[in-house]
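Engineer: All I have is the shape, not the residue letters:
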Ligand code: GLV
């Protein structure tokens, strides 16, 4: 019997490719450039970049799209749903890694560890000298979470031993959590001095962290983003950091990756990392395995492990 054909458009983790090649006919190409016969054979897709409505429409026999990553804004899941195509993502296996990274980024931002290391490496540490005291401390801060889903909760749990106060804003209150809830982002920003954003890219989150929110965090305020750059007005952020309206920012995600605005690059009070929150070998391997296991689950039993909310699969 001929193997099921799976399309892999664009760059993909090598473990996904290696495992897929064991059981599937893997076609590495863009959906919209395939000849009709090949397009007719594709029943699955494994993707880590964009897979839009046109790509879905180009594959008439498509059944499942396995997306690499927990955020799946790269895939048009609503369009997939209208076509009866299941979309899967890779939740949970990256929660710990992203939460660990968020804590590291927060500490780096507040205590300036990257700048201090550069200072040392540049040969500045001489007898009688010392790196200047950091202006900020994590001690006594009030941390507000913009988004408190599975990853946000892991970050919050890690922050508890730091003895900071924790509050949050999400669309609806989570009664299982003891943290203070704010029904608006403005209300949260007024109350806290530190904000961690961990919300997905949706029409509702676009540039919601704007000049007013940053001003409310204040001159001693710290903003950390490990969700999506989409959520932030980067011009307003650079202006607030530059004028001192906001104290410091730690950013792992940007509006137009990999293009980081020069205005942010120039700021000493911004810590910038290249979207690496889940980027360890073990965690990316686990994500790769989940991409493949979702495809195997679908084709072996009609049960993918982690379908997204837009395309639920009856268990
Ligand atoms: C990373 O940003 C992911 O969505 O997994």
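Structural biologist: Arrived safely. The model shown is predicted, which means the values in this text are computed figures rather than measured ones.

Engineer: What's the separation between the closest residue to residue 49 other than its chain neighbours and the ligand?
Structural biologist: Spatial nearest neighbour of residue 49, excluding adjacent residues (CB to CB, 6 or more residues apart in numbering): residue 10 at 4.1 Å. (Each C-beta comes from the backbone N, C-alpha and C, glycine too.) Shown here: residue 10 relative to the ligand, a distance of 15 Å by CB to the nearest ligand atom, to the nearest Å.

Engineer: list the contacts for residue 10?
Structural biologist: The contact partners of residue 10, taken as CB atoms under 8 Å, 6 or more residues apart in numbering, are 30, 47, 48, 49, 50.

Engineer: Need the pLDDT of the residue of the stretch 151-300 of the chain found nearest the ligand.
Structural biologist: Nearest residue of the stretch 151-300 of the chain to the ligand (CB to the nearest ligand atom) works out as residue 278 at 5.4 Å. Each residue has a pLDDT score; the one for residue 278 is 98.

Engineer: so it sits in a strand?
Structural biologist: No - with the criterion set as DSSP: H, G, I helix; E, B strand; the rest coil, the secondary structure at residue 278 is coil rather than a strand.

Engineer: Let me know how buried it is, in neighbour terms.
Structural biologist: The local packing count at residue 278 equals 23, with neighbours defined by other CB atoms under 10 Å.

Engineer: you'd agree it is up against residue 100?
Structural biologist: No - with the criterion set as CB atoms under 8 Å, residue 278 and residue 100 do not qualify as a contacting pair; they are 10.0 Å apart.

Engineer: In the contacts of residue 10, find the pair that's most separated.
Structural biologist: Spatial extent of those (CB to CB) is set by the pair 30 and 48 at 13.7 Å.

Engineer: And these two? Which one has more around it.
Structural biologist: residue 48 (21 against 13).

Engineer: Buried residues in stretch 56-65, which are they?
Structural biologist: In terms of neighbour count (16 or more other CB atoms under 10 Å), stretch 56-65 has its buried residues at 56, 58, 59, 62, 63, 64, 65.

Engineer: List of residues touching it?
Structural biologist: If you take CB under 8 Å, 6+ apart as the criterion, stretch 56-65 is touched by 7, 31-32, 34, 39-45, 47, 51, 75-76, 79-80, 83, 85-88, 294-295, 298-299, 304.

Engineer: Low-confidence ranges, the chain, go.
Structural biologist: Scanning the chain for pLDDT under 70 picks out 1.

Engineer: Please check the contacts of stretch 56-65 and keep the buried ones.
Structural biologist: A residue is treated as buried here by neighbour count (16+ other CB under 10 Å); on that basis the buried members of the contacts of stretch 56-65 are 7, 31, 34, 39, 41-45, 47, 51, 75-76, 79-80, 85-88, 294-295, 298-299, 304.

Engineer: Just the ones of the residues you listed in helices?
Structural biologist: In helices, judged by DSSP state H, the following of the buried ones among the contacts of stretch 56-65 are found: 39, 41, 79, 80, 294, 295, 298, 299.

Engineer: could you list every residue that touches the last one?
Structural biologist: Taking CB under 8 Å, 6+ apart as the definition of contact, the neighbours of residue 299 are 4, 43, 44, 64.

Engineer: The closest residue to the third one other than its chain neighbours and residue 53, how far apart?
Structural biologist: Read that as residue 44. With sequence-adjacent residues excluded and distances taken as CB to CB, 6+ apart, residue 44 is closest to residue 6, at 4.2 Å. Residue 6 sits at a distance of 20 Å from residue 53 (criterion: CB to CB, to the nearest Å).

Engineer: And those two? Which one has more around it.
Structural biologist: Just comparing residue 6 and residue 53: by other CB under 10 Å the higher neighbour count belongs to residue 6, 25 against 14.

Engineer: mind listing what that one touches?
Structural biologist: Residues touching residue 6, when contacts are defined by CB under 8 Å, 6+ apart, comprise 20, 24, 25, 26, 27, 42, 43, 44, 45, 46, 295.

Engineer: let's go with 7 Å and repeat that
Structural biologist: Counting by CB atoms under 7 Å, 6 or more residues apart in numbering, residue 6 makes contact with 20, 24, 26, 44, 45, 46, 295.

Engineer: now, which of those residues sits nearest the ligand?
Structural biologist: Within these, proximity to the ligand (CB to the nearest ligand atom) peaks at residue 46, which comes in at 14.4 Å.
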